[in-house]
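**Q** next one to model:
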Amino acid sequence: MKELNLPKYNFRLKKKGKKLFIFDRIRKKYVFLSPEEWVRQNFISYLIEEKQFPESLFSVEMPVNYKMLKNRCDIAVYNNKGDIKVLVECKAPEIKISQEAFDQIARYNMKLKVDYLIVTNGIVHYCCKLDYSDKKYLFLNDIPDYKLIR
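**A** Sure thing, here's the model as predicted:
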């Protein structure tokens, strides 16, 4: 798999025939190791290990239904009260982050109304904080630690 702009983490990998699988620490099962999954698993580890996000507050591939559309959000992170605070959209490393990726996560957020949106391809990471009272958003230079978002 391609080297990412994230710290290196150790993962449990398993091969079935010619396919490679990675253990998802959130879903507690092996999943097919696609380039997007590689980014997702590394970004989950980054949030847990570097940004102190509690592992128990993650949801992976969470269903998001809005206006008759059925979608799945790559990563959602809750606070201790059960409110979703962060949505993360992961793309494969070779996919350039475009307006389309931001539109996708914004559609999910129309229903969820979270405080932070993150889009990453494992190489480039964008994080914005939403301010609903002033109807604006602010792109941040870094992804905040969990203690700052709960």
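
**Q** how about the strands in this structure?
**A** With strands called from DSSP state E, the chain shows them at 13-16, 19-24, 29-32, 58-66, 69-78, 84-90, 116-120, 125-131, 136-140.

**Q** just the CA trace of the longest one, in CSV.
**A** In this case it means strand 69-78. The C-alpha trace of strand 69-78 is given here as CSV (Å, rounded to 0.1, in the frame of the first residue of the first chain):
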residue,chain,number,x,y,z
LEU,A,69,-30.7,9.0,-0.5
LYS,A,70,-29.0,6.2,1.3
ASN,A,71,-25.3,6.9,2.0
ARG,A,72,-22.6,5.8,4.4
CYS,A,73,-20.2,8.1,6.2
ASP,A,74,-16.7,6.7,6.4
ILE,A,75,-16.0,7.8,10.0
ALA,A,76,-18.2,9.4,12.6
VAL,A,77,-16.9,10.3,16.1
TYR,A,78,-19.3,10.9,19.0
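
**Q** contacts for it?
**A** 36, 40, 43-44, 47, 53, 57-65, 84-90, 104-105, 107-108, 112, 114, 146 (CB atoms under 8 Å, 6 or more residues apart in numbering). Placement of C-beta: from N, CA and C, glycine included.

**Q** now do the same contact list for the most centrally placed residue in the chain.
**A** When CA atoms, centre = their mean is applied to the chain, the residue found nearest the centroid is Val88 (3.0 Å). Going by CB under 8 Å, 6+ apart, Val88 touches 43, 47, 73-77, 117-120.

**Q** all good on my end, thank you.
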